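Novice: Sequence and predicted model, in that order:
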Amino acid sequence: MRYFLRRWMQAVFLLIGVSILTFLFSAIAPGNYFDEMRLNPQISPETVAALRAQYQLDRPLPVRYARWVNSLLHGEMGFSFANNSPVAPLLWARARNTLLLTLTATLIAWALALPLGIWSAETRGRLPDRALSGATAALLVIPELVLALGLLILAVRSGWFPTGGMFSVGFEILSPMQKFRDVAWHMELPVLALVLSALPILVRHVRAAVAEVLDAPFLRAAASHGIPQRTLHYKYALRAAANPLISLFGFSLGVLLSGSLLVEVVMSWPGLGPLLLEAILARDLYVVIGGVLCSTIFLVAGNFFADVLMYWADPRIRTGAAAK
Amino acid sequence: MIQLSGWKRWLLAIVVLHGIVACAGFFAPYDPTEQDREHPYLPPMRIHLVDTQGHFHFRPFFYAEQLRVGSFDQFEEHSQQAIPLRFFVTGARYDLLGLLPFRTHLFGAEASRVYLLGSDAYGRDQLSRILYGGQISLLAGMLGAGLTLLIGVLIGATAGYLGGWRDGLLMRVAELFMALPWLYLLFALRAFLPLSVSPVQAFFLIILVIGAVGWARPARLVRGVVLSARERDFVRAARGFGATDSYLLRRHILPETSSVILTQAAILVPQFVLAEMTLSFLGLGVPEPVPSWGSLLASLQQYSVLVSYWWMYLPALAIVPFFLGYLGLASALQQDAGTEKIVRTAGGSRW
């Protein structure tokens, strides 16, 4: 338990650190939402000053931070000037969609990467391995932006996929099953872009980790005991190779979160990406801070999940934690 | 023991690619801002060797484009009017490498402009814009990587050399930076900087932003090397002879980090070129009249462009060979570092 407690403490400190950091950056930023108003002759300087005072933007930084933390604890995360509402509900509506996209992509990418990586390690140096290495190398040199735009053009020209958004027109009147299918259909293209961008890195790491284990004496011994190859590779080898792969899980989540930000904007998926972009363009400070914090929370949660997995998969950590 | 040819080949490829972009004026047939309002959104022209009568020509040629009858935006080839492609033609003035004034272009044509990769909304030549845009994007990427490495080495060396609580503090901050997904971090930094700025200011702003994003990883790597180099025998000996801290760092410790820095540079440059592309694509980077790979793609955000003018996507592909080159270089360098380590630990000598 102490192992988890320590991880929790680390996560909490990380979140506090990130929030302070983003606040510091926002404090040295020139200009805010109300500066745009100042240029408008119809709004008097007094009004702008009054608005600034109302939102406490004229107060010193520590006071603003304390107020923001206070509103965070009340579930508001500050106030969006441009949307005239608390930040949290805005973020939550979008974050759900981002999570839907990212988690689906993560699951599919790993579900593909594990068998492909193991296959590649099994056939080291032979044709399937070489073909896979070539394919991953080719995918590796195509950045996400290029991939997403290319897929979008393909979708537009072929008509196989919807060209953006999350729902079809008339979504409200569909039955739950039809709604599910409609969203799934809209998800295909963004998820494809994300999976293709994350897959090469994952496959390469799985291959490397498994290939290292395949030579281990215990696997040869197990093989000579007549355990079928399939069980051998998927149960024993994978478990022994799990440690670096589980660490990779957190990393892959970070990559996919970043990727999803971009893919969402390109394919107009109503997630955090478009919201954050609008907030940047409108200088909507607290939304930007909230979005960054949100992504950190996802990442921390993902890493915590990886820690739990690691605890379950690696007895060395369990006994090490028990010994302490 | 160490095969130099591996990474040298990749380096050569990168140098050639950069050379082409650096000499954009020569390889591009036109000035990137030169407009041709008669030919907006012209699709890429076909270069022919065989004419409509089936005769073979040694000199490649293309057909002049004209509006299709009854259309105001669809072009077709004017099969009566074949225009030969000419090489080493005299055209718009440009400064080679920003210094030497020149007028010679690799290719061009008289009587009509040639659009190998089509034209944009203002009839500007896509090929020229991609080549000139590469100058902005690549320069931003390289300067950004330089800035990141500078920050990274400074912080990493400080942390590793001083140790103690300063090391702890710096590395905690580095972990904060690495905890964020990098695109969110990039967005956050960009969000807190002014939006409406001139192209030149925007360019330096972007370098600042992407330079400040990635310092954590190189800093940690450099710290590790410095930490172990500090305890090496020759460093201790030098310290025993009375060498000052700055001399030790400069002469003995920082040279040890060179292979890490080189590898990191090969990893960071393409990543930062992509960062510039992303920012400019989203309208947060270098603004319109100046071409950069990102701002060239920005028009794809309009649905009509996406549907009708696929060649506006071509600038995106320009980054792929650079990615390939840099990735190859990085993995070759890493492999070298790996063999070097093996050779060293096995007691073999490099020298």
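Specialist: Structure received.

Novice: Quick one: the strands in chain A, in order.
Specialist: Taking DSSP state E as the test, the strands found in chain A are A:79-80, A:85-86.

Novice: any idea which element the spatially most central residue of chain B lies in?
Specialist: Centroid-nearest residue in chain B, with C-alpha atoms, centre = their mean: residue B:138, separated by 2.8 Å. Under the criterion of DSSP states H and E, residue B:138 resides in helix B:126-162.

Novice: So if we follow the domain assignment, how does chain A break up?
Specialist: Domains of chain A are assigned by automatic domain parsing as A:2-87, A:94-323.

Novice: Report the contact partners of the residue nearest to the centre of chain B.
Specialist: Residue B:138 makes contact with B:18, B:21, B:273, B:322, according to C-beta atoms under 8 Å, 6 or more residues apart in numbering or on different chains. C-beta here means a position set from N, CA and C on the backbone, and glycine is covered the same way.

Novice: Do you know the pLDDT at the residue lying closest to the second one once chain neighbours are set aside?
Specialist: Spatial nearest neighbour of residue B:21, chain neighbours left out: residue B:134 (3.8 Å); criterion: C-beta to C-beta, 6 or more residues apart in numbering or on different chains. On the pLDDT scale, residue B:134 is placed at 88.

Novice: quick one: buried residues of the longest helix seen in chain A?
Specialist: The helix that spans the most residues within chain A, counting by DSSP state H, is helix A:176-214. Judged by neighbour count (16 or more other C-beta atoms under 10 Å in any protein chain shown), helix A:176-214 contains these buried residues: A:182-183, A:186-187, A:189-207, A:209-211, A:213-214.

Novice: Please apply the same query to stretch B:110-128.
Specialist: B:112-120, B:123-128.

Novice: ditto for stretch B:68-86
Specialist: B:75, B:77, B:83, B:85, B:86.

Novice: for the domains of chain A, which one ends up most surrounded?
Specialist: domain A:94-323 (a mean of 18; mean count of other C-beta atoms under 10 Å in any protein chain shown).

Novice: does any part of it sit near chain B?
Specialist: Yes - counting by C-beta under 8 Å from any C-beta of the partner chain, chain B is contacted by domain A:94-323 at A:140-143, A:145-146, A:149-150, A:152-153, A:156-157, A:163, A:254-255, A:257-259, A:261-262, A:265, A:276-277, A:279-281, A:283, A:285, A:288-289, A:291-292, A:295-296, A:299-300.

Novice: ok now that domain, how far from the chain's centre?
Specialist: Its chain's C-alpha centre and that of domain A:94-323 lie 9 Å apart, by C-alpha atoms, centre = their mean, to the nearest Å.

Novice: what is the rounded mean pLDDT of that domain?
Specialist: Here the average pLDDT along domain A:94-323 is 83.

Novice: State the phi and psi torsions of the residue lying closest to residue A:86 once chain neighbours are set aside.
Specialist: Of all residues not flanking residue A:86 in the chain, residue A:76 sits nearest, at 3.9 Å (C-beta to C-beta, 6+ apart). Phi and psi for residue A:76, reported as degrees, to the nearest 10, are phi -120, psi -30.

Novice: Which residues are in contact with residue A:76?
Specialist: Residue A:76 neighbours (C-beta under 8 Å, 6+ apart): A:86, A:87, A:88.

Novice: these two touch, right, residue A:155 and residue A:162?
Specialist: Yes - using C-beta atoms under 8 Å, residue A:155 makes contact with residue A:162 at a distance of 7.3 Å.

Novice: returning to what we had before: and which of the buried residues of stretch B:110-128 is nearest to chain A?
Specialist: Distance to chain A across the buried residues of stretch B:110-128 (C-beta to the nearest C-beta) is lowest for residue B:118, with 14.0 Å.

Novice: what's the closest non-adjacent residue to residue A:160?
Specialist: Per C-beta to C-beta, 6+ apart, closest to residue A:160 is residue A:154, 7.8 Å.

Novice: of the buried residues of stretch B:68-86, closest to residue B:46?
Specialist: Relative to residue B:46, the closest of the buried residues of stretch B:68-86 is residue B:77; by C-beta to C-beta it sits at 7.3 Å.

Novice: helix or strand for that closest one, which one?
Specialist: strand B:75-84.

Novice: What pairs with that strand, parallel or antiparallel?
Specialist: Next to strand B:75-84 in the sheet, as set by DSSP bridges, lie strand B:56-67 (antiparallel).

Novice: Show me what counts as buried in the strand it pairs with.
Specialist: So, applying 16+ other C-beta under 10 Å, buried residues of strand B:56-67: B:61, B:62, B:63, B:64, B:65.

Novice: quick one: low-confidence ranges for the stretch 101-250 of chain B?
Specialist: By pLDDT under 70, the stretch 101-250 of chain B has no low-scoring segment.

Novice: What residues does the stretch 201-350 of chain B have near chain A?
Specialist: Close to chain A, as judged by C-beta under 8 Å from any C-beta, the stretch 201-350 of chain B has residues B:274, B:277-278, B:281-284, B:297, B:300, B:303, B:306-307, B:310, B:313, B:316-317, B:319-320, B:323-324, B:327.

Novice: Show the residue spans covered by the helices in the stretch 201-324 of chain A.
Specialist: A:217-224, A:229-231, A:238-240, A:242-266, A:272-281, A:285-313, A:315-323 (DSSP state H, counting those that start in this stretch).

Novice: Next: the stretch 51-200 of chain A.
Specialist: A:61-73, A:87-122, A:127-140, A:144-158, A:176-214.

Novice: quick one: which of these is nearest residue B:204?
Specialist: helix A:144-158 (22.4 Å).

Novice: What subset of the residues of the stretch 201-350 of chain B next to chain A is buried?
Specialist: B:274, B:277-278, B:281-284, B:297, B:300, B:306, B:310, B:313, B:316, B:319, B:323-324, B:327.

Novice: and the gap between the residue lying closest to residue B:127 once chain neighbours are set aside and residue B:66?
Specialist: In space, and not counting its chain neighbours, residue B:127 is closest to residue B:117: 4.4 Å by C-beta to C-beta, 6+ apart. Look at residue B:117 and residue B:66: by C-beta to C-beta, to the nearest Å, they are 20 Å apart.

Novice: and residue B:169, how many neighbours?
Specialist: 11 (other C-beta atoms under 10 Å in any protein chain shown).

Novice: Can you tell me the element it falls in?
Specialist: Per DSSP H and E: helix B:164-179 holds residue B:169.

Novice: Noted, bye for now.
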